[in-house]
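> Fold the following and give me the result.
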Amino acid sequence: MIKLEMLRVFCAVAEAGRLADAAQQLGRTPSAVSMGLMQFQELLGSPLFESDRKSRLTPFGHQVLRLAKDQLRSFDVTVQSIQHLASAPSGVLKVAAVPSVAAGVFPRLVQSMEAAFPGLNLELRDSDTPRVIDALTSGWADIGIASAQQPINGVEATELFSDPYGLVMAEDHPLAQGRGPVGLDEVFQSGFIRNQLCDQITLSAFQERLGPISLTVSNLQSLLSMLVSGPWVSVLPPSVLPLAGVRLVFRDIEGLTDQRRVMLLRRKEVAFPDIVETACREITNMWAKP
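As a prediction, this is how the structure comes out:
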């Protein structure tokens, strides 16, 4: 039977590349780590490393490492959740959201939830869409707010709002001085920075020009800082502009009709369904039309 400790030993050795370093990390002797690793390999019946030096994984070893890390992460999240439950008898709510939405949602959500559930343990995390989805699928988050397009197993999705994509640049950028929609050729001749939202745009002419772009910035705050301070441009929805703290310019792009769809994502199985239901209702009401 594969034991959790075997996975920890294997991951430590695979990532450290040396038994001695892995042993120090785990707080065990090298001989104990070697014995645990040998038992794991014998149980699997296939070699995990290319040689006895443990510096290079076999193809099988790479697959096992990925699965083992996922399992350990899931276990650690479960343990942390149990500890939180024990220390918070009034309940726990964990929410992850993309930064452009978190800045507006979190303050209002905290006020309403603390009033409705005194003593509630609240944990909030702002991150990009892939990490929000990861927080949900790993079990860390009860609720997520992100630009998710594909269905997520075990998660219910409801659209909160949508906003258009356009070209964003500093107010002293040459393209900021024009009027009307910007042509696609101008967009990609102006120091274009690719970001994760670009992949959600379906316009074929846009994707064709996007292919050769070699500069990608995934972190939104870093991207906004570059747009403010340099000669670059990127495609973003207008709702992210206030995060820059200074004035940026948004212009429509000719022929681009795609919109970012921001979704409320809710795990189907949660520890405190009443709390999660109330939080989802509060979030949804923030975009409800009067």
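
> quick one: the helices in the stretch 51-200 of the chain?
With DSSP state H, counting those that start in this stretch, the ranges of helices along the stretch 51-200 of the chain come out as 59-87, 99-116, 129-137, 184-188.

> Could you export the ones you listed as JSON lines, including mean pLDDT and distance to Val249?
Any C-beta I mention is one placed from the backbone N, CA and C, and that applies to glycine too. As requested, the helices of the stretch 51-200 of the chain are exported to JSON lines (pLDDT from 0 to 100; distance: least, C-beta to C-beta, whole Å):
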{"stretch": "helix 59-87", "mean pLDDT": "81", "distance to Val249": "41"}
{"stretch": "helix 99-116", "mean pLDDT": "92", "distance to Val249": "17"}
{"stretch": "helix 129-137", "mean pLDDT": "89", "distance to Val249": "24"}
{"stretch": "helix 184-188", "mean pLDDT": "92", "distance to Val249": "13"}
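
> State the distance from the residue nearest to Arg247 when sequence neighbours are not counted to Leu256.
Distances taken as C-beta to C-beta, 6 or more residues apart in numbering put Glu171 closest to Arg247, at 5.1 Å, once the chain neighbours are dropped. Glu171 sits 21 Å away from Leu256, taking C-beta to C-beta, to the nearest Å as the criterion.

> Would you mind measuring from the residue most central in space within the chain to Leu109?
Residue closest to the average C-alpha location in the chain (C-alpha atoms, centre = their mean): Arg131, at 1.3 Å. Distance check for Arg131 against Leu109: by C-beta to C-beta, it reads 19 Å.

> So which of Glu171 and Leu256 has more stuff around it?
Comparing Glu171 with Leu256 by neighbour count (other C-beta atoms under 10 Å), the higher total belongs to Leu256, at 21 against 11.

> so that one, which of the three states?
State at Leu256, reduced to three classes by DSSP: H, G, I helix; E, B strand; the rest coil: coil.

> Off-centre distance for stretch 37-53?
33 Å (C-alpha atoms, centre = their mean, to the nearest Å).

> ditto for stretch 201-220
On C-alpha atoms, centre = their mean, the centre of stretch 201-220 falls 19 Å from that of its chain.

> helices and strands of this protein: which one has the lowest mean pLDDT?
helix 59-87 (a mean of 81; mean pLDDT, DSSP states H and E).

> just checking, what packs against that one?
helix 4-16, strand 92-97, strand 121-126 (3 or more C-beta pairs under 8 Å, 6 or more residues apart in numbering; DSSP states H and E).

> 7 Å instead?
helix 4-16 (3 or more C-beta pairs under 7 Å, 6 or more residues apart in numbering; DSSP states H and E).

> Mind listing residues that contact the next helix or strand after the helix it packs on?
Note on helix 4-16: by DSSP states H and E, the next helix or strand toward the C-terminus is helix 19-26. Contact with helix 19-26 is made by Arg8, Val9, Ala12, Val13, Ala16, Thr29, Pro30, Val33, Ser34, Lys54, as judged by C-beta atoms under 7 Å, 6 or more residues apart in numbering.

> what do you get for stretch 214-231?
So stretch 214-231 is contacted by 99-100, 128, 168-170, 173, 191, 193-196, 232, 234, 240, 243-244, 246, 248 (C-beta under 7 Å, 6+ apart).

> at 10 Å instead, please
Residues from elsewhere that reach stretch 214-231, judged by C-beta atoms under 10 Å, 6 or more residues apart in numbering: 98-100, 126-128, 130-131, 168-174, 190-198, 232-234, 236, 240-249.

> all strands of the stretch 101-250 of the chain, in order?
121-126, 143-146, 155-164, 166-170, 234-236, 248-251 (DSSP state E, counting those that start in this stretch).

> Walk me through which strands the second one pairs with, and which way each runs.
Strand 143-146 has its sheet partners listed here by DSSP bridges as strand 92-97 (parallel), strand 259-267 (antiparallel).
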